[in-house]
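Student: Provided below are the primary sequence and the corresponding predicted coordinates.
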Amino acid sequence: MAHQTQNYTMDTFNRLKSAGAVAADAAGTVAGQPAYVDFGGPLAYAEFDVIVDWTACEVDDGDEVYLLELQGSDSSTFSTYHVLAERRFGALSGKGPAANTPPVGRAVLRGDNLALIDSASGAAVKTMRYLRAYLVVQGSVSTGFDYSASLHPKQ
């Protein structure tokens, strides 16, 4: 049986969220401040992996769902944004895989900073300069989802 592994160097400048529980919709923060990665220009294209580590995932009531979105924007305020990638965690029966997210784990989201702007024609894409993590919380949540996330650009 073959096993594949990938090594990631943790870079403090690419942290999208430091460890901590989230029980309501919230953007990622690091040291209490909004966290995002700036790709350096409006035309800067990047492919990346986002590593998500979690140490607690509340599923006590069976209706808790945590949708982690990677949002891209032209503005660091994220007044408008596009969802570039997403991953569901929590009590997932009936919403995809029929198993709950384990209490501890790691997930890798792969993506790039291209967003489809004009869905009618399907031809207009745009690079998003800023990227952040945003957690959407649904269900009867008390303690929530304790996670950290970091972005790792590909060479």
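Tutor: Alright, I've got the coordinates.

Student: Do you know the pLDDT at residue 119?
Tutor: At residue 119 the predicted local confidence, pLDDT, stands at 64.

Student: likewise residue 15?
Tutor: At residue 15, the predicted lDDT confidence score is 93.

Student: Hmm, it is touching residue 36, no?
Tutor: No - using C-beta atoms under 8 Å, residue 15 is not in contact with residue 36; the gap is 9.9 Å. Where you see a C-beta, it was placed from the backbone N, CA and C, and this is true even at glycine.

Student: how far does stretch 65-82 stretch from start to finish?
Tutor: 21 Å (C-alpha to C-alpha, to the nearest Å).

Student: Now do the buried residues in it.
Tutor: Going by neighbour count (16 or more other C-beta atoms under 10 Å), the buried part of stretch 65-82 is 65-74, 78, 81-82.

Student: now do stretch 139-150
Tutor: For stretch 139-150, a neighbour-count test (16+ other C-beta under 10 Å) marks 141, 144-150 as buried.

Student: Make a markdown table out of those residues and add pLDDT.
Tutor: A markdown table is the format used below for those (pLDDT from 0 to 100):
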| residue | pLDDT |
| --- | --- |
| 141 | 92 |
| 144 | 94 |
| 145 | 95 |
| 146 | 96 |
| 147 | 96 |
| 148 | 96 |
| 149 | 96 |
| 150 | 95 |
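
Student: CA atoms only for the helix or strand bottoming out on mean pLDDT in the chain, dumped as CSV, please.
Tutor: Among the helices and strands of the chain, strand 114-118 carries the lowest confidence by mean pLDDT, DSSP states H and E, at a mean of 82. Once side chains and other backbone atoms are set aside, the C-alpha atoms of strand 114-118 remain, and they are given as CSV (Å, rounded to 0.1, in the frame of the first residue of the first chain):
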residue,chain,number,x,y,z
LEU,A,114,-10.0,32.8,-9.3
ALA,A,115,-13.6,33.7,-9.0
LEU,A,116,-16.4,33.4,-11.6
ILE,A,117,-17.8,36.9,-11.8
ASP,A,118,-20.5,36.6,-14.5
